[in-house]
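1. Here's a sequence, model it:
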Amino acid sequence: MSFFLRQRWIDPRLQYEEENNITRIELDTRVISQIWVPDLYIVNEKNAEVHDVTVPNKLMHLYPSGMVVYSMRVSGTFSCYMDLMKYPLDSQICNITMESYGLSTNTMVLRWNTPAVTVSPSLELPQFNLSEFHHFVCDAQYAAVNFTCIGFTLHFDRNYGYYMIQVYIPSVLIVMLSWVSFWLNIDATPARISLGLLTVLTMTTQSTGARSELPRVSYIKAIDIWMATCLFFVFAALIEFAYVNVLSRVEQRRLATIKDMAQLIHNGEEPKKSRKFSFWSAESRQRARTVDKISRVLFPCIFILFNVIYWLVYRLWKPVKG
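-> Numbering: from 1, shown residues only. You can find the predicted model right below:
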């Protein structure tokens, strides 16, 4: 993140008489190091720097009253706790806190000016929208000494359009592809096995890729619920085929039995229980077809119901920030 840090204070030692309509003195960056400045540091800063191309990006203005205006351009990386339970449909709150490192409130007190925080109208973030921001005062005590502290809070709403294109829509298509198995002939075993395994492996690969860039947190995220459910649907379609295949193979055994009985009759022997077995085999075959017909309707209906519940819950639910 890059921002301009502007500070203003009054130093009586720098007062001067206004002459020749000189309302302020603009100091060169080489002179700034000789002026006292607040010992400010950013508490949750991990890595930061002041820009120095082509010269150090600092300015300091002195006014006759002794008021000093000090500004610098800072870029850095700052730590921010993120609650990913609703990821990628989440919103995040990040704080930037600044304190005096060595001066207590007896010597220096930090307070926000008005307006405290301003944001460029042209600000665009690839993954987030900055929905709101506000400032606060957070004076703290360390080792029985009071230190001054101020900060500001940024509210970010994640843009989930990228995840719709890269995660949600492809996973929906994979689940729908697994339903093609229900429309294939129950004897098309190679085609149904290939389709079932392909969708399961593809869903597993996509699930791993979607979560590869996330920190390994111990709680369940929205993306985990989605991926696990989609994987369950494609795996259930494969299990449905296995069940149908078991029922359909009874017919194959029946045909083999009929052939054997024909051979027995040809040899003059009397077959036993042929009528009962034939009836049971035909019934199993019909049951397999019925399971396929039910699955063609049941799987899409349950998946649509899951989508309705999923999107309503994760769009309306607001987890309590701890």
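2. right, and the helix or strand after the helix or strand bottoming out on mean pLDDT in the chain?
-> Here the helix or strand of the chain ranked lowest by mean pLDDT, DSSP states H and E is helix 222-266, holding a mean of 78. Sequence order places helix 274-316 as the next helix or strand after helix 222-266, per DSSP states H and E.
3. now for that next one, which elements pack on it?
-> The contact analysis (3 or more CB pairs under 8 Å, 6 or more residues apart in numbering; DSSP states H and E) places helix 274-316 against helix 222-266. From N, CA and C alone the C-beta is placed, and that goes for glycine too.
4. Could you rerun that using 10 Å?
-> Helix 274-316 sits against helix 169-178, helix 222-266, with contacts defined as 3 or more CB pairs under 10 Å, 6 or more residues apart in numbering; DSSP states H and E.
5. who's in contact with the closest residue to residue 189 other than its chain neighbours?
-> Closest residue in space to residue 189, ignoring its immediate chain neighbours: residue 245 at 6.3 Å, by CB to CB, 6 or more residues apart in numbering. Residues counted as contacts of residue 245 (CB atoms under 10 Å, 6 or more residues apart in numbering) are 186, 187, 189, 192, 193, 288.
6. Tabulate these (CSV), appending pLDDT and secondary structure.
-> Below are the contacts of residue 245 laid out as CSV (pLDDT from 0 to 100; DSSP: H, G, I helix; E, B strand; the rest coil):
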residue, pLDDT, secondary structure
186, 81, coil
187, 79, coil
189, 83, helix
192, 88, helix
193, 89, helix
288, 81, helix
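7. Now that we have the residues you listed, which of them are buried?
-> Neighbour counting by 16 or more other CB atoms under 10 Å classes 186, 192, 288 among the contacts of residue 245 as buried.
8. which one among those residues gets closest to residue 311?
-> Lowest distance from residue 311 to the buried ones among the contacts of residue 245 (CB to CB) belongs to residue 192, with 31.0 Å.
9. Would you check that the closest one makes contact with residue 288?
-> No - with contact defined as CB atoms under 10 Å, residue 192 does not reach residue 288; the gap is 11.9 Å.
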